[in-house]
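[1] just the structure for this:
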Amino acid sequence: PPDIAECSAFRAATALTLNDECKLILKPNHFNSRESLFDFGKVLRRPARENGVGFDVEGFTDEPLQIREVLFLDTPDFQLYNNAFILRRRVAYKDGFPIGDPEIVFKCRHPDLQKAAEVDVRPRISGDYKIKFKAEALPLKDGLGGIRMLYSHNVEFGLSSIREGDGMSMDTIVRVLPALEAIPRSPGERIELVSGTIVEEVLQDIGVLDFGKGMTAVANVALWRNRGDHSPLIGEFAFQIKFKRREDLNERALTRGEAFFLALQNAARDWIALGATKTGVVYRLKGSPPHAHE
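    Now for the predicted structure:
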C-alpha cells in the first residue's frame with residue numbers, strides 16, 4: 001500500500017498503531033463447526049509454499065474459539081455510514097459469559113488515504129482510548145487477482161467512559177465523538193441498532209504466516225451469524241502486520257506477502273464473496289442499501 005507512516009496527517013503522531021491487514025470475505029456456507037474454520041488453512045498451504053511463505057499451525061488446534069457480540073449503531077437513514085463512519089459496540093465472551101467493559105469502536109473508513117487520515121477520531125472522554133490506523137487490502141470488487149485498498153482510522157474505548165446523557169441520542173454521540181459534528185442532524189434524533197441485528201462473531205486463530213525478515217502475522221478465520229437464529233451472515237479470512245515505523249517493514253517480505261495474497265485469491269475462488277465487507281452485509285440485511293464508501 002502507499003506509505004501510510006509518511007502521510008502528513010500522521011507525522012506528529014507518537015502513540016499510534018499502524019496496521020497492514022489483508023482480508024478475504026468468505027461465503028458463510030462452508031462453516032458449520034470449529035473444525036470447518038481450520039479447513040481454510042488447507043486452502044492457503046499451496047499458495048504459501050509456492051511464494052516462500054511459512055505457515056505454522058503447531059499448537060493452534062488448542063487455541064480457544066473466541067466469541068464476540070457485535071452491534072452496529074446508526075441513524076434510521078444511515079447518516080454515519082453514508083458519510084464513511086462506522087460505530088459499533090463489541091462484547092467479548094468467555095465460557096458463555098461476557099467479560100470486561102463493552103468496547104466502543106468508532107472509525108472512519110475510506111478508499112482515500114488522506115481523507116481517512118485527516119479525520120480526528122479522538123473522543124471527548126475522561127478515560128483511556130486507543131487509536132489505530134489500518135491499511136486494509138481486499139480483492140477487487142468485480143474479479144480475483146487484484147487488490148483494492150480501504151483505509152480505516154479507528155478509536156477504541158470502554159463503554160463505561162460515557163458517563164452522561166442518553167447513549168442513544170445523536171446529541172450525546174456527537175458530544176463524545178466530535179468528528180461527527182459535520183453530519184446534519186434533526187432535533188432529538190436518535191441512533192438505533194442497524195437492521196435490528198445483533199451479530200455473533202465466532203473467530204479462530206489457525207496459524208502463523210512467516211514472510212521472512214522477521215515479518216510474521218497470525219492468521220484467523222471468522223464467521224458472523226445472526227444472534228437470534230444463528231443464521232450465517234458472512235465469513236472472513238484475515239492476517240495483519242502491526243508496526244510503528246515504515247522502516248520496520250522489509251520490502252522483500254512485503255512483496256512476498258502481496259504475491260501470496262494474490263495467489264490465495266485464485267486458490268480460494270470458490271470460497272470468496274466478491275465486493276462485500278462484513279459491515280456492508282449487516283447494513284444490507286433489510287434492503288434499502290446505504291451509500292457505502294467501501
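[2] low-confidence ranges in the stretch 151-294 of the chain?
    For the stretch 151-294 of the chain, residues meeting the criterion pLDDT under 70 lie at 244-248, 288-289.
[3] the chain: helices as residue ranges?
    For the chain, helices defined by DSSP state H occupy the ranges 34-50, 79-82, 113-118, 170-176, 251-267, 278-283.
[4] can you put these in TSV and add distance to Arg185 and mean neighbour count?
    Using the backbone N, CA and C atoms, a C-beta is placed for each residue, glycine as well. Below are the helices of the chain laid out as TSV (distance: least, C-beta to C-beta, whole Å; neighbours: other C-beta atoms under 10 Å):
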stretch	distance to Arg185	mean neighbour count
helix 34-50	41	16
helix 79-82	7	21
helix 113-118	21	18
helix 170-176	5	18
helix 251-267	40	18
helix 278-283	19	20
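[5] mind putting those in a markdown table, distance to Leu150 included?
    Shown next, in a markdown table, are the helices of the chain (distance: least, C-beta to C-beta, whole Å):
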| stretch | distance to Leu150 |
| --- | --- |
| helix 34-50 | 22 |
| helix 79-82 | 14 |
| helix 113-118 | 8 |
| helix 170-176 | 23 |
| helix 251-267 | 14 |
| helix 278-283 | 10 |
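[6] for the ones you listed, which one sits closest to Pro102?
    helix 170-176 (14.3 Å; C-beta to C-beta).
[7] one step back: closest to Val208 out of the helices of the chain?
    Closest among the helices of the chain, using C-beta to C-beta: helix 34-50, at 11.0 Å.
[8] pLDDT on the closest one, on average?
    In this model, helix 34-50 carries a mean pLDDT of 96.
[9] now tell me what touches that helix from outside.
    26, 30-31, 53-55, 57, 60-61, 65, 202, 204, 206-207, 209, 219, 221, 223, 237, 260, 263-264, 266-268, 271 (C-beta atoms under 8 Å, 6 or more residues apart in numbering).
[10] returning to what we had before: of all the helices of the chain, which one is nearest Pro184?
    helix 79-82 (7.3 Å).
[11] so which elements touch the closest one?
    strand 66-74 (3 or more C-beta pairs under 8 Å, 6 or more residues apart in numbering; DSSP states H and E).
[12] what's the burial count for Cys22?
    Per other C-beta atoms under 10 Å, the neighbour tally for Cys22 reads 23.
[13] ok, and what's touching stretch 100-110?
    So stretch 100-110 is contacted by 84-92, 115-116, 119, 121, 123, 150-162, 177, 179, 293-294 (C-beta under 8 Å, 6+ apart).
[14] so which of the residues you listed belong to strands?
    The strands, defined by DSSP state E, take in 85-92, 150-158 from those.
[15] can I get stretch 143-157 as PDB, trimmed to CA atoms?
    C-alpha atoms of stretch 143-157 as PDB (Å, rounded to 0.1, in the frame of the first residue of the first chain):
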ATOM      1  CA  GLY A 143     -12.800 -10.100 -10.000                       C
ATOM      2  CA  LEU A 144     -10.000 -12.000  -8.500                       C
ATOM      3  CA  GLY A 145      -6.300 -11.400  -8.900                       C
ATOM      4  CA  GLY A 146      -6.100  -7.800  -7.900                       C
ATOM      5  CA  ILE A 147      -6.000  -5.600  -4.800                       C
ATOM      6  CA  ARG A 148      -8.100  -2.700  -3.600                       C
ATOM      7  CA  MET A 149      -7.400  -0.600  -0.500                       C
ATOM      8  CA  LEU A 150      -9.600   0.700   2.300                       C
ATOM      9  CA  TYR A 151      -8.100   2.900   5.000                       C
ATOM     10  CA  SER A 152      -9.600   2.800   8.500                       C
ATOM     11  CA  HIS A 153      -8.900   5.400  11.100                       C
ATOM     12  CA  ASN A 154     -10.100   3.900  14.400                       C
ATOM     13  CA  VAL A 155     -10.600   4.700  18.100                       C
ATOM     14  CA  GLU A 156     -11.500   2.200  20.800                       C
ATOM     15  CA  PHE A 157     -12.600   2.900  24.300                       C
END
